[in-house]
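Trainee: with the input below, show me the fold.
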Amino acid sequence: MTASHTWHATIERRMLPSPLPTVTVVIPVFNTTEGTLRCIASCREHIDARHSILLVDDASTEPGEVERIQSAIAGSPNIRLVRNEQ
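Mentor: Presented below is the predicted three-dimensional model:
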């Protein structure tokens, strides 16, 4: 790393708040399993462990949707599914 790059990295760190803020991505879910799974995958590529994903299911009626989403997020402590049953 050159002196110029080191200087820029130092300036950027000083401009960021400490600790860095966290972000929660809220994804509404209703009968769109494939789209929801693509959205989850995309979010996983762009966020780190400090951030979270909150899936809000609005009483989906598509058979097996909730189970497929639960399976996709299993083992991810920063992803939660909240279900509205009505």
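
Trainee: alpha carbons only for contacts and neighbour counts from here, please
Mentor: OK.

Trainee: run through who's touching stretch 23-32.
Mentor: Residues external to stretch 23-32 that are found in contact with it (Cα atoms under 8 Å, 6 or more residues apart in numbering): 36, 43, 50-62, 65.

Trainee: tell me which of those residues has the lowest pLDDT.
Mentor: Taken together, these show their lowest pLDDT at residue 50, with 82.

Trainee: tell me the contacts of that residue?
Mentor: 22, 23, 78.

Trainee: nearest to residue 85 among those?
Mentor: residue 78 (22.4 Å; Cα to Cα).

Trainee: re the thing from before, helices - which of the contacts of stretch 23-32 land there?
Mentor: With helices taken from DSSP state H, the overlap with those comprises 36, 43, 65.

Trainee: how many neighbours does the second one have?
Mentor: The local packing count at residue 43 equals 16, with neighbours defined by other Cα atoms under 10 Å.

Trainee: from residue 66, how far out is the nearest residue to residue 65 once chain neighbours are set aside?
Mentor: Nearest-residue entry for residue 65: residue 33, 5.6 Å, with adjacent residues in sequence omitted and distances by Cα to Cα, 6 or more residues apart in numbering. With the distance defined as Cα to Cα, to the nearest Å, residue 33 ends up 8 Å from residue 66.
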